[in-house]
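Trainee: What would the 3D arrangement of this be:
(chains A and B)
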Amino acid sequence: MELQFENIIKNYKGKKILKGISLTMGTGVYGLLGPNGAGKTTMIRILADVLRPTKGSVLYDGKDIHAVGDEYRAKIGYLPQDVSFYSDFTGRDYLEYSATLKGMEKARTKKRIEELAHSVGLSDDLNRKCAVYSGGMQRRLGIAQALLDDPEILILDEPTSGLDPYERIKFRNIISAYAKDRLVLLSTHIVSDVEQIAAHIMMMEYGVIQHIHTGEEYIHMMEGRVWLVEMSAEQLVSYQNRAVISNVRAKDGRMEVRIIEETMPSGDAVQAIPTLEDAYLYLFNYLPEKSRR
Amino acid sequence: MSLFQFELRKLLLNKKNLVLLLCLFTLYSLVGLTSTMFLIGGNDSYRAYEELAAACEGPFDSEKAAEAEEIYQEISTRYGTDSRMIARSVKDQPEIILAVNYHAYTERVEEYWNGTPPESVEEPYGIALLQAKIAEMESQGKQDTADCRELSASLQRLEELGEPEFANTLLWENLFNNWGEHMMQFLLFVPLAFVIAPVFAVERSSGMDNLILSSRNGRHRIVTAKLLSVLVASTVVGVLYLAATFMFGFLPHGSFHGWNAAIQSIPTYARSMFQWKAWHLAAAGAVWLIFTGAVYSLIICFISSRMKSQMGTVGVSLAILFVNVGLAAMGDTVTQRLGVLVDFGLTNVTLIKEVFGGYKVFYVFGMNVSYPVMAIPVLASIAAVAVFGTYRGQKSRTVA
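Mentor: Coordinates of the predicted model:
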């Protein structure tokens, strides 16, 4: 199974949202990282066939997904950024309705709902109205919906927003176990979501996929560029406007600052073990004035 | 549950809409009840009227007409010439109500033979008038024109129907007023706009579009399910209106008298070309209202599929209804110019008094076609366009 983006361009209200994206994805977990407004959700929506590109096409095993139509949509599970519910639907109603939309058989639906409700920890809440669910419960229900028909292609847009740390770990485990022989595309701006589970990580900004590498490759790229420097609070104030700082920690009355720079920032700087988060900040050149834009 | 059952639940079978249906049924029942109460006094008055009218039922009687005329002249100087106003003013005097009704019947008999000058140029009526017009056209060599054929068909039909007879159809007349006047359009069609509007718009406003449009059945089958649920919802609202006004129109007097009378005995339907009894008209009228309600609902459904908000859908749907009401209320000069637009506009085509009460004939492909027969394909075409547009819209629909 192969999904191919062929020079996808999307313009909206005179603004170029996607600027010619071309890439090929096979089975495995793909992480899509990028700041807000990078075009991640637009790319996800095009892949989920709820939005049409201005130019270019998405090919599923060499065929345009619009031409494949219903059969393509039968293979995808999609968790949108904002999960919505009908006010009088219970969790079970919502999943049954989703299963009906996906064309699932009744007997399988019932079994699958019980399985997934157990997986996402909603077994005791299935008969409650969705409207009274907490944000985390709604998100988990959305994840269950996306997994319902055991889709070949799983598209998740900001799946972990609103989840607590335990739920986040649980979610990662579910996806890791699920991803075998399937394609999972996980869009997020939370680096740790993809760090653990994504085999390929795409970094997107300004409507362009800037980089596609494995997590290890990104980390390798950062070797010799991450430094720990101890400084006073006053020094930090003047320093933070001209360097990419990935972390600051108070230590014995001074500040231990994690700096991303090509060269050693000061004589007492010590090299640190890089992380994907460092790579994200480095590649998007996250100087403070840029992050405020 | 099937997709259709889910859609029906979303559209109709939910707590909010079931409460709305209950409120509508109460309102419709009140309409039926109050219209009957204004018709004639208490049950005793109606019984007395029924007995008095029984003696007058049948063909035209000039002696009874003269007696009725005398009472009418006296009463009209006091209460004016509007028969409904007179009935409301003297609702406990059945003999006067009968005299007023017999007077109106006498005028209908006169109209049957001689028409009522000044006659509408478009729709001449009356045996003598039609004969004169046909003779005039024949003398001008226009006997093979469509207009002349229409007049000949009208004359032939009028002769077949024969002179109207008098019958006590007081309660049926009231029922058909409730079903066939503009009030029905406000009571039935306005609530329909509110009930049907969310069918697609709610998915957009709630964001459920994402889930639906990315699903296997979210582009085609869901439209079928939604259209079916729309038809069921409009039928339910229509049946509520029909049932409530029927039940509470007859219940207070416990009588269905006049059910077998010719519809020409009912003033509004005196010019009808259908050789029907009152119960035939009730059955046909009920089916027609459900049918036109369904067509209007499909139009709302189409609008809903194109709009982002429910209230926007309601607004556009009501605007269409009111523009049609406005057009139909324009003077003869305007309505004649707009012709087909008014004839088959939402107002005329939904009023059973216009559809079944007239004697309008259309000359189409060498055949004389009556108004309802002509209206069916017109409405079916509008419905087909709405359905096609809805399917097409969903196929190409995207989320912004």
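Trainee: Up against chain B, what does the stretch 101-250 of chain A have?
Mentor: A:101-103, A:145 (Cβ under 8 Å from any Cβ of the partner chain). C-betas here are computed from N, CA, C, even on glycine.
Trainee: From the recorded domain assignment, give the ranges for chain B.
Mentor: Per automatic domain parsing, the domain ranges recorded for chain B read B:3-37+B:170-395, B:40-161.
Trainee: Out of these, which is closest to chain A?
Mentor: domain B:3-37+B:170-395 (3.6 Å; Cβ to the nearest Cβ).
Trainee: thinking again about what came up before, could you dump the domains of chain B to CSV with distance to chain A?
Mentor: Formatted as CSV, these follow (distance: least, Cβ to the nearest Cβ, whole Å):
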stretch, distance to chain A
domain B:3-37+B:170-395, 4
domain B:40-161, 45
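Trainee: Mean neighbour count and mean pLDDT added to the ones you listed, as CSV?
Mentor: Putting the domains of chain B into CSV (neighbours: other Cβ atoms under 10 Å in any protein chain shown; pLDDT from 0 to 100) gives the following:
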stretch, mean neighbour count, mean pLDDT
domain B:3-37+B:170-395, 19, 88
domain B:40-161, 16, 84
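Trainee: so can I have CSV of those domains showing distance to residue A:127?
Mentor: Below are those laid out as CSV (distance: least, Cβ to Cβ, whole Å):
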stretch, distance to residue A:127
domain B:3-37+B:170-395, 16
domain B:40-161, 52
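Trainee: now for the ones you listed, which one comes closest to residue A:55?
Mentor: For the domains of chain B, the distance to residue A:55 is smallest for domain B:3-37+B:170-395, at 20.4 Å, taking Cβ to Cβ.
Trainee: what's the first-to-last distance across that closest one?
Mentor: 17 Å (Cα to Cα, to the nearest Å).
Trainee: do stretch B:44-63 as well
Mentor: Per Cα to Cα, stretch B:44-63 runs 27 Å from first to last residue.
Trainee: And it, how far out from the chain middle?
Mentor: How far stretch B:44-63 lies from its chain's middle: 28 Å, per Cα atoms, centre = their mean, to the nearest Å.
Trainee: ok, now stretch B:298-305?
Mentor: 22 Å.
Trainee: Alpha carbons only: can I get it in CSV?
Mentor: The C-alpha coordinates for stretch B:298-305 follow below in CSV (Å, rounded to 0.1, in the frame of the first residue of the first chain):
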residue,chain,number,x,y,z
LEU,B,298,-37.1,18.7,-0.3
ILE,B,299,-36.5,22.3,-1.4
ILE,B,300,-35.6,23.2,2.2
CYS,B,301,-33.3,20.1,2.3
PHE,B,302,-31.5,21.4,-0.8
ILE,B,303,-31.1,24.8,0.7
SER,B,304,-29.8,23.2,3.9
SER,B,305,-27.2,21.3,1.9
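Trainee: so what's the residue nearest the centre of chain A up against?
Mentor: Residue closest to the mean C-alpha point of chain A, counted by Cα atoms, centre = their mean, is residue A:187 at 2.3 Å. Each residue near residue A:187 by Cβ atoms under 8 Å, 6 or more residues apart in numbering or on different chains is listed here: A:31-32, A:40-41, A:43-44, A:156-158.
Trainee: Those in strands, which ones?
Mentor: A:31-32, A:156-157 (DSSP state E).
Trainee: Looking at the residues you listed, which one is closest to chain B?
Mentor: residue A:157 (8.9 Å).
Trainee: Residue A:43 is in contact with the closest one, correct?
Mentor: No: using Cβ atoms under 8 Å as the test, residue A:157 is too far from residue A:43 to be in contact (9.6 Å).
Trainee: The two: who's more crowded?
Mentor: residue A:43 (30 against 26; other Cβ atoms under 10 Å in any protein chain shown).
Trainee: contacting residues for the more buried one?
Mentor: With contact taken as Cβ under 8 Å, 6+ apart, residue A:43 is in contact with A:5, A:8, A:18, A:21, A:32, A:187, A:204.
Trainee: Look at residue 169 and say how many residues are nearby.
Mentor: No chain in the question, so chain A it is. 13.
Trainee: I was thinking of chain B, sorry if that wasn't clear
Mentor: Based on other Cβ under 10 Å, the number of other residues close to residue B:169 is 25.
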